[in-house]
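1. coordinates for the following, if possible.
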Amino acid sequence: MQVFTKEELAKFNGKDGKPIYIAHKGKVYDVSKSALWESGEHQGLHIAGEDMTKDLSDAPHEEDVLERFPQVGTLS
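-> Prediction:
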C-alpha cells in the first residue's frame, strides 16, 4: 500500500481527471465514485486531497461511511 505525504495527497484533488483521495486517521481513501465528492469538493465545505480527520469528527454521519470506499494507502 502506498504511503502518502500531505503534499502527495494534495495532488489527488479530483481536478483535471485525477482521482479524489481523502485521509482519515492515517488511512487514505479513494472517494472518486462518491457523488458527494463531485469535482473534488464535498458539499462546498471540504476539499479533496486533505486530511479529514478533524472534519469527520464534526460530520453529521459516522466515520464508518468511509468503509464503503477502497483504502489506497496511508498518510505519513
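
2. and the spatially most central residue of the chain, what pLDDT?
-> With distances taken as C-alpha atoms, centre = their mean, the residue of the chain nearest its centroid is residue 22 (1.4 Å). Residue-level confidence at residue 22 comes out at 95, pLDDT.

3. same for the helix or strand encompassing it, what does it pack against?
-> Using DSSP states H and E, the secondary-structure element containing residue 22 is strand 21-24. Using 3 or more C-beta pairs under 8 Å, 6 or more residues apart in numbering; DSSP states H and E as the contact criterion, the neighbours of strand 21-24 among helices and strands are strand 27-30, helix 53-57. C-beta: built from backbone N, CA, C; applies to glycine.

4. what does the worst-scoring helix or strand of the chain on mean pLDDT rub up against?
-> Taking mean pLDDT, DSSP states H and E as the measure, the chain has strand 41-42 as its least confident helix or strand, at a mean of 72. The contact list for strand 41-42, computed with C-beta atoms under 8 Å, 6 or more residues apart in numbering, reads 14, 36, 47-48.

5. give me the sheet partners of it and which way each runs.
-> Strands that pair with strand 41-42, judged by DSSP bridges, come out as strand 46-47 (antiparallel).

6. residues making contact with the strand it pairs with?
-> Residues lying outside strand 46-47 but in contact with it, judged by C-beta under 8 Å, 6+ apart, are 13, 22, 40-41, 52, 55.

7. closest to residue 76 out of those?
-> residue 22 (15.4 Å; C-beta to C-beta).

8. re earlier: wait, the residue nearest to the centre of the chain sits on residue 40?
-> No. Because the distance of 9.8 Å does not satisfy C-beta atoms under 8 Å, residue 22 is recorded as not touching residue 40.
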